[in-house]
Every structure is written in structure tokens, then in C-alpha cells.
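Engineer: Coordinates only, no sequence provided:
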């Protein structure tokens, strides 16, 4: 964590003030900040060791504090073009401090770039020759719902988003209600507040979208759910994994096979 003396002072101040204030004042329903922080440390300690877990924990706090500076927050408005065009609120800039801190221990909210999303959907359709009308699109860790809105430009049977944080899920519901587009082809859209790692997968063919929604233990839980769901209801399932930092976890699942990849995303078939 190399930084100047001034940056160190700023980070220390933010950690002492904003982090502790959020921790002490957190009276919201689940998930709670303290519980999330403790569980994160326990999972890391089980996966590595206590020293490594503590270091990883401090790095998460460092990233939260660094990204809380006014300059960093302003930079996040650079993804607002989609919101302006469609009169919705999906930018990562307008995420409250509590949800950003929770994101440090789960997965930080970051909306998908529209051009890249179209590339991913076009790729999976070409690689697997899919008829989207037969498939449900499922976004695990759907945040404010931008991906759900973009997926509605394709003729999916239905579209479901699953988001852990109630505040983001509420914004997603408002966006789904407000969204209007002449290119929209699917009108069955739903945003559910739940733990995406343990969410019971819908029956029927699926296209599952992941934008690094879980730390490693959560992704292991998802693969277990995936295998169980496939045993109970055999069907075609495809996984689009954007920024696939933990794809080795998916590939440990015997039912998962990678069929395409770029430096930005991977495509998997589950059978």
C-alpha cells in the first residue's frame, strides 16, 4: 500500500471517521456491516491464514477509504451516459457510503458497459446458437439493475436480477418501472432482494450473468447450487462471467466447460 504521507493521513482519517461512524450507527436490517466484516475475515482466514486475512481485510478498508475521496467519487460519474439516455439511475457514483462499505466485503457495485454487454450477448448467441426466447436471463448481484434493462433489448422469456443490498434492489425496482425503450423486446423483468450465492435457480434454460458478484467462498456456494439445480432439473445453462477473476472456481465444477473467452469475459456451458 504505497502512498504519500498526505495520502496516509487522509486514509487514516477516513478509516477512523467514516468507517467507525458507519459501524457504530449501523441499525439497518441485514446485511449488517460488522457481520459482513467478521464473516469476510473468517472466510479469508479459513482459505489462507489469519495474517493473510488481516492483511486482506486492511486492503479492503484501504480501497474503501481511497475511493471515498471527492475526486474518486466524481470519477464514478463517468459511466452516466446510459442513465442520461434512458432517464434511470444505474451509475456507481450515487451509491451511499454504507452500501459501498458493504460492497468492500461482498462485491463493489459497478455497472456493465453497454457496448461490452451487447458483445457478450452476441457472442453467446453465436457460440451456442441460442434462441433467447427459450431462456431466462439471470443476473446474480444485479445492483441497480442496468444489466436487466440492457438484457430486455433481447427476446428473453423473462429476466430476473438478484441483489443482496436492499437499497440497491429498491433502486433497481424503480429503474425497471421507469425504463422505456423502443428497442425493448422482453417485458417480464423482476428484481429480487436475496443472497445471490444461495438463490434457488429458476427452472428452465438459463443464461446466468456474473460480474464478480462474490468473493471466493460465495462463488463456491454458487457452483454447489448450480450442480444441485442441474441434478434436479437437467437443462441447458450458460454462464457469462465478466472480469472472470475467479473462473478457476467455476472450472472446478465437473459440469462446467469453458466455450469462449477474451481478456474481458468468459463463456461457460453447464451440462
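Structural biologist: Right, received. Where do you want to start? In this text the structure is predicted, and so the values were computed from the model without any measurement.
Engineer: What segments of the stretch 151-271 of the chain are helices?
Structural biologist: Counting by DSSP state H, counting those that start in this stretch, one finds helices in the stretch 151-271 of the chain at the ranges 166-178, 216-232, 247-251.
Engineer: Look up the closest residue to residue 257, ignoring the ones flanking it.
Structural biologist: Closest residue to residue 257 apart from its sequence neighbours, by C-beta to C-beta, 6 or more residues apart in numbering: residue 269 at 5.2 Å. In short, each C-beta sits where N, CA and C put it, glycine included.
Engineer: State the distance from that neighbour to residue 33.
Structural biologist: 38 Å (C-beta to C-beta, to the nearest Å).
Engineer: and what of residue 104?
Structural biologist: From residue 104 to residue 33 the distance is 10 Å (C-beta to C-beta).
Engineer: go on, residue 100?
Structural biologist: Relative to residue 33, residue 100 is positioned 11 Å away (C-beta to C-beta).
Engineer: Show me what stretch 121-134 is in contact with.
Structural biologist: 151, 154-157, 204-205, 207, 236, 238, 240, 259-260, 267, 269 (C-beta atoms under 8 Å, 6 or more residues apart in numbering).
Engineer: Now the buried members of those residues.
Structural biologist: Buried residues within these, counting neighbours by 16 or more other C-beta atoms under 10 Å: 151, 154, 156, 157, 205, 207, 236, 238, 240, 260, 267, 269.
Engineer: For the residue nearest to the fourth one when sequence neighbours are not counted, give me the backbone phi and psi.
Structural biologist: By that I understand residue 157. The shortest distance from residue 157 to any non-neighbouring residue, by C-beta to C-beta, 6+ apart, is to residue 136 (5.5 Å). Backbone torsions for residue 136, taken as degrees, to the nearest 10, come to phi -90, psi 130.
Engineer: Looking at residue 136 now. What's its pLDDT?
Structural biologist: What the model reports as pLDDT for residue 136 is 98.
Engineer: mind listing what it touches?
Structural biologist: Counting by C-beta under 8 Å, 6+ apart, residue 136 has contacts 156, 157, 158, 159, 160, 202, 204, 205, 206, 207.
Engineer: before we move on, the earlier item: in strands, which of the contacts of stretch 121-134 fall?
Structural biologist: Counted as lying in strands by DSSP state E, out of the contacts of stretch 121-134, are 207, 238, 240, 259, 260, 267, 269.
Engineer: Output the below-cut-off pLDDT ranges for this structure.
Structural biologist: 1-30, 71-79 (pLDDT under 70).
Engineer: quick check: domain ranges of it?
Structural biologist: By the assignment in automatic domain parsing, the chain contains the domains 5-105, 114-270.
Engineer: Before I go, just wanted to say thanks for your time.
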